[in-house]
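**Q** Here is my input, please return the structure:
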Amino acid sequence: MNQDKLSILKTRFGYTDFRPGQTEVIDAILAGKDVLAVMPTGAGKSLCYQIPALMLEGLTVVVSPLISLMRDQVSALRAVEIPAAFLNSSLSPGEYADTLRRASGGDYRILYIAPERLRREDMRNLAEAMCISLVVIDEAHCVSQWGHDFRPSYLLMPDFIGQLPRRPITAAFTATATGKVREDIIAMLRLESPFTLITGFNRTNLYFEVQKPKDKLIALLRYLREHPNKNGIVYCATRKMVEDLCQTLQTRGFAVTRYHAGLDDWERHKNQDDFIYDRKSLMIATNAFGMGIDKSNVSFVIHYNMPKNIESYYQEAGRAGRDGEPADCILLYSPQDVRINSFLITNTQDEEAEKDPLLVEHNLELLKQMTWYATSSDCLRSRLLSYFGETASHYCGNCSNCNTQYENIDITLAVRKILSCVYRIEQMGRRFGKTMVIDVLRGGKTEKIRNAGLDRLSTYGIMADADPHRLRLIMDALVNWGYLIITGEEYPVVSLAPSYRDVIGGEKSLTMMLPREDAGLKSQPQPQKQKPEAVPAKPLPKTILIKAALNEDGESTGDLFARLKELRSRLAQEAGVPAYIVFSDASLRDMCRKRPVTGDQFLTVSGVGTAKLEKYGEVFTRLIREYGKER
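**A** Model prediction:
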């Protein structure tokens, strides 16, 4: 194709700007480089390979672990007139043979396949007959046994790629991967000097909450009744819990279905479709459900039991809010969750894991980190991001801990004491790290302090009763605000920045959001999702509040939104696709704001390109025109 990437983005997919990281990944692929991209759910990973697929010669093969993902992706591509298909077990023999024939004939630009298919002779024959320019590995963390969802079939990919007549560009994508897993992906997929991009794991539209209810069922029912007509997923640790909870909710009138590995294929597919096509609003499932599910309008994910590790939790929680709308991620924690997960790890049915005590030990360590998240009084978002190696503010304002256990504190006096201590140490011609400074302030009696003569400083022990964790949070803030400087990579030390005089001299006061002094001592109250009135000293991410859609004049558009959803549902049913394939909720809300009544105006809506303008423009603008006349 002769179009450039930006024109394809607009004409095919209906967007005017790329999201962070997309341009860099697309350019790397077009330059012929292998790629490893770690991008959070909802960041637009698929466009990073779909746009190059339209610009490169030959076929793009996408290896994907789930039938539902392939089907939804292909439906979405066909909706914008991009020739695509999939090969998996859901096809009849005739459909499978026809797809292979058409792929060999060059009818498709993108072909999705399951990793298990790579060992089949028909795939090898297709690979030899076709010019495959790009191989994409989705959910690439599945190749690593140190990740949270190892799948042995992913190990077939390097040999498949190696057998091709010409080595294609290889691009691996995942939403969550620690440093160890990223190393595994590069090594085991044999990526050649890959361009590596990590866009960050923070998704500001997600609200995180940990509850510790006496009765989880009562807590769940309370939430569901307070959020009627919302689509959500409830994860349970075992199949039995899924069965029991699904039956309980059915008897109470909820539109609920279930998913776990113990169901036969027909029922799993039916139940999954009922959820994806909005016939059921609530899915109760084990962790067998969800990878690759592209349902954009999931408003909440509730974990009825704590998962075994943070990667699993963040991957599953991240299935909420894919359309960028505010969404809730809630964990219902009890100490029994730890015992259940520990039993599942140490008594695994996986024979290979049983033979590898290092892997069991590794998984128990991951469980410990997950437990710290569930029981911590720190900012939940900060806990999650720091696990993935990302620096984050200690206060996000959009999690249950920040909203219930933090308060705005005047830290001016504490700051002066800290800065004075650093000043006194510098007067001695010495510099130390934050831990040593904190030990001096608290009057530590270590041999290192005595040998350095730090116990003779006037600031020694002046904050003996201060909590070391709070002191570290304040020192981190002073670094962020530019009053302290950290130098040295291997042994980082603290020194004063010139601006420290503004505080020492008494000309400036500082406040900061900090955990309440009693934060870890009391049982947690039920969080209220609203930001405290106090404002931290440095701007931080705003709490995201769910609001009714407004048009550009600020008028409520709830009724119009409902009508647009009804029209979308009818069109989706006629086409036999999920509603979000027609338009996402975000696109409908943009229609409510802009109220387009002509084709040109409709093209300005987010998610509307020329293909969707031709297919849906007249029917949607007619509805909006009629709505305007009624007003």
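**Q** Can you tell me how far residue 567 is from residue 559?
**A** Distance, residue 567 to residue 559, by Cβ to Cβ, to the nearest Å: 13 Å. C-beta coordinates here come from the backbone N, C-alpha and C atoms, glycine included.
**Q** what about the stretch 201-350 of the chain, any weak spots by pLDDT?
**A** 291-294, 348-350 (pLDDT under 70).
**Q** Of residue 567 and residue 559, which one has the most company?
**A** Using other Cβ atoms under 10 Å, the more surrounded residue of residue 567 and residue 559 is residue 567, with 18 against 12.
**Q** Give me the nearest residue to the more buried one, chain neighbours excluded.
**A** The shortest distance from residue 567 to any non-neighbouring residue, by Cβ to Cβ, 6 or more residues apart in numbering, is to residue 623 (5.7 Å).
**Q** can you pull the contacts of that neighbour?
**A** Residues near residue 623 by Cβ atoms under 8 Å, 6 or more residues apart in numbering: 563-564, 567.
**Q** Inside helices: which ones of these?
**A** The helices, defined by DSSP state H, take in 563-564, 567 from these.
**Q** Closest one to residue 496 out of those residues, please.
**A** Top of the list for closeness to residue 496, among the ones in helices among the contacts of residue 623 and by Cβ to Cβ, is residue 564 at 58.0 Å.
**Q** That closest one: how many residues sit nearby?
**A** Neighbour count for residue 564, taken as other Cβ under 10 Å: 23.
**Q** That one is in contact with residue 592, isn't it?
**A** Yes: between residue 564 and residue 592 there is a contact under Cβ atoms under 8 Å: 7.1 Å.
**Q** Would you indicate which residues of the top helix by length along the chain are buried?
**A** As assigned by DSSP H, the longest helix anywhere in the chain is helix 610-630. For helix 610-630, burial by neighbour count (16 or more other Cβ atoms under 10 Å) applies to 610-613, 616-617, 620-621, 623-624, 627.
**Q** between the contacts of residue 623, which is closest to residue 345?
**A** Closest approach to residue 345 among the contacts of residue 623 (Cβ to Cβ): residue 564, at 47.0 Å.
**Q** so how many other residues sit close to residue 379?
**A** Residues lying near residue 379 (other Cβ under 10 Å) number 27.
**Q** could you measure it against residue 400, distance?
**A** Per Cβ to Cβ, residue 379 is found 10 Å from residue 400.
**Q** before we move on, what about residue 631?
**A** Taken as Cβ to Cβ, the span from residue 631 to residue 400 is 40 Å.
**Q** got it, and residue 305?
**A** From residue 305 to residue 400 the distance is 18 Å (Cβ to Cβ).
**Q** Check residue 30 too.
**A** For residue 30, the distance to residue 400 equals 44 Å [Cβ to Cβ].
**Q** likewise residue 422?
**A** 35 Å.
**Q** Residue 138 too?
**A** From residue 138 to residue 400 the distance is 32 Å (Cβ to Cβ).
**Q** likewise residue 439?
**A** Taken as Cβ to Cβ, the spacing of residue 439 relative to residue 400 amounts to 32 Å.
**Q** Also residue 201?
**A** Distance from residue 201 to residue 400, by Cβ to Cβ: 19 Å.
**Q** What ranges does the stretch 1-150 of the chain have for its helices?
**A** 5-13, 22-30, 45-55, 67-79, 93-104, 121-129 (DSSP state H, counting those that start in this stretch).
**Q** which one of the ones you listed lies closest to residue 158?
**A** Closest to residue 158 of the helices of the stretch 1-150 of the chain is helix 121-129 (Cβ to Cβ; 13.7 Å).
**Q** and that closest one, how far from the chain's centre?
**A** For helix 121-129, the separation from the chain centroid amounts to 35 Å (computed by Cα atoms, centre = their mean, to the nearest Å).
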